[in-house]
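**Q** pasting the structure only:
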Ligand SMILES: CSC[C@H]1O[C@H](OP(=O)(O)O)[C@H](O)[C@@H]1O
């Protein structure tokens, strides 16, 4: 098995608390914070101190385990009710990334299967650790499959941050680049800054430079010109929720890049683990799109950049229709159209 260059971890279970890389402080400050309660976990997800679909699910799972460990009741029924309340609280943090609900459902199932409080507490910690380990392995495999789509010297454009800090490790859309670096395969990455929260500028540029990957930062409005001038060979992005027909919700701005890919005749890849698929919905029209605080648009790092009381619209995601997607890279292989028919063969 190939071992990748050491990457920063986003979340770590420390038995009495959770240690989190504060992604809101990057790139200027590399800060690890301790979460000591379910409320701390909820706040860290809502405020994007931890973000990225898989990382949100992992952190919520550890949050449930932490909340369970802190329960003092001796009555199993009351214990289960209290922990279910923790699960419901964490489920209300952000609506779009299905990985959150996938992880919480596994924790609820583990909770309900427990026959005693002590075994429940142990089982919940074990389940959260298992979810973490599975995500790490899924992302490594996504890197392997994704890398098979690129050739030496390719220039690939990406959006937002679907990297190691958005997952247990390695990332999804960025996993192929970490693997390519490990194998001395020269690839160039063009990272869109990704307004308004700037995950591309603050996180992807930081993560890839840390790993020694050739990365060039552009502003979002430079994408079309860059694709043309720099002869971009393809686009790869992560995902927050993929419907049964392959329609994909991802960071706002992704749809525009998919349209550009079609216009310029280059492939548009989505990279995501099985935990990002929501087969309960037929198409992207059913994916809830999170709308976030207006301050994310009217301020940059505390500096006002728009008039007071200006009207704003701040959707955190958009949905790319399946016909604009060349293929979906999963840990089980590369899914090609017809997605509705093919997805069930790759997603357990
Ligand atoms: C592997 S991360 C997937 C996905 O999550 C990010 O959203 P956010 O930063 O708001 O949590 C972005 O859409 C990534 O592509």
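**A** Received, thanks. Bear in mind the structure is a predicted one, so any value in this text is a computation, not a measurement.

**Q** buried stuff in stretch 289-297?
**A** Neighbour-count burial for stretch 289-297 flags 289, 292, 294, 296-297 (criterion: 16 or more other CB atoms under 10 Å). In short, each C-beta sits where N, CA and C put it, glycine included.

**Q** Let me know the pLDDT of the residue in the chain positioned nearest to the ligand.
**A** Distances between the chain and the ligand by CB to the nearest ligand atom are smallest at residue 238, namely 2.9 Å. On the pLDDT scale, residue 238 is placed at 98.

**Q** cool, and residue 224?
**A** Listed pLDDT for residue 224 reads 98.

**Q** With adjacent residues omitted, what lies nearest to the residue of the chain closest to the ligand?
**A** In this structure, residue 238 finds its nearest non-sequential neighbour in residue 162, 2.6 Å apart by CB to CB, 6 or more residues apart in numbering.

**Q** Same question for residue 45.
**A** In space, and not counting its chain neighbours, residue 45 is closest to residue 93: 4.2 Å by CB to CB, 6+ apart.

**Q** Surely that neighbour touches residue 60?
**A** Yes - the pair residue 93 and residue 60 passes the contact test of CB atoms under 8 Å, sitting 7.3 Å apart.

**Q** Now do the shared contacts for those two.
**A** With contacts taken as CB atoms under 8 Å, 6 or more residues apart in numbering, residue 93 and residue 60 have 45, 100 as neighbours in common.

**Q** More neighbours: which of those two?
**A** Neighbour tally, residue 93 and residue 60, criterion other CB atoms under 10 Å: the higher count belongs to residue 60, 33 against 19.

**Q** Is it correct that the more buried one is in contact with residue 103?
**A** Yes - checked against CB under 8 Å, the pair residue 60 and residue 103 is within contact range at 5.7 Å.

**Q** Let me see the confidence value for the residue nearest to residue 238.
**A** Model confidence at residue 162, given as pLDDT, is 98.

**Q** okay, now it: neighbour count?
**A** Burial of residue 162 is recorded as 32 neighbouring residues (other CB under 10 Å).

**Q** What of residue 14?
**A** Here the number of neighbours of residue 14 (other CB under 10 Å) works out to 11.

**Q** Flag every residue of the stretch 201-348 of the chain that's near the ligand.
**A** Proximity of the stretch 201-348 of the chain to the ligand is confined to 237-240, 250-251, 316 under the rule CB under 6 Å from any ligand atom.

**Q** where does the protein dip in pLDDT?
**A** In the prediction, the chain carries residues with pLDDT under 70 at positions 1-8.

**Q** now the helices: where do they sit in it?
**A** Chain-ordered helices for the chain, with DSSP state H as the definition, fall at 38-46, 53-69, 76-91, 98-113, 117-147, 175-182, 199, 205-210, 223-229, 254-264, 295-298, 339-342.

**Q** Outside of the fourth one itself, which residues are in contact with it?
**A** The list of residues contacting helix 98-113 from outside it, by CB under 8 Å, 6+ apart, reads 45, 53-54, 56-58, 60-61, 64-65, 68, 80, 83-84, 87, 90-91, 93-94, 120, 123-124, 127-128, 131, 240-241, 273, 275-278.

**Q** again, but for the first one
**A** With CB under 8 Å, 6+ apart as the test, helix 38-46 has contacts from 18, 20, 33, 35, 49-51, 56, 59-60, 62-64, 66-67, 86, 89-90, 92-94, 100.

**Q** Residue 206 - nearest residue in space that isn't next to it in sequence?
**A** For residue 206, the spatially nearest residue (CB to CB, 6+ apart) is residue 27, at 3.9 Å.

**Q** Contacts only, for that neighbour.
**A** Residue 27 makes contacts with 202-203, 205-206, as judged by CB under 8 Å, 6+ apart.

**Q** Using JSON lines, lay out those residues together with neighbour count.
**A** JSON lines is the format used below for the contacts of residue 27 (neighbours: other CB atoms under 10 Å):
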{"residue": "202", "neighbour count": "20"}
{"residue": "203", "neighbour count": "26"}
{"residue": "205", "neighbour count": "22"}
{"residue": "206", "neighbour count": "22"}
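
**Q** Name the member of those with the shortest distance to residue 139.
**A** Taking CB to CB as the measure, residue 203 is the one of the contacts of residue 27 closest to residue 139, at 15.6 Å.

**Q** ok, and for stretch 124-138, which residues are buried?
**A** Along stretch 124-138, the positions that meet the burial threshold by neighbour count (16+ other CB under 10 Å) are 124-125, 127-128, 131-132, 134-138.

**Q** So which of those would count as near the ligand as well?
**A** The overlap between the buried residues of stretch 124-138 and the neighbourhood of the ligand (criterion: CB under 6 Å from any ligand atom) is empty.

**Q** nearest to residue 229, of those residues?
**A** Nearest to residue 229 among those is residue 138, at 35.2 Å by CB to CB.

**Q** That closest one and residue 331 touch, don't they?
**A** Yes - applying CB under 8 Å, one finds residue 138 in contact with residue 331, separated by 3.9 Å.

**Q** between these two, what contacts are shared?
**A** 273-274.

**Q** re the thing from before, would you mind listing which of the contacts of helix 38-46 are buried?
**A** A residue is treated as buried here by neighbour count (16+ other CB under 10 Å); on that basis the buried members of these are 18, 20, 33, 35, 49-51, 56, 59-60, 62-64, 66-67, 86, 89-90, 93-94, 100.

**Q** Cool, thanks, talk later.
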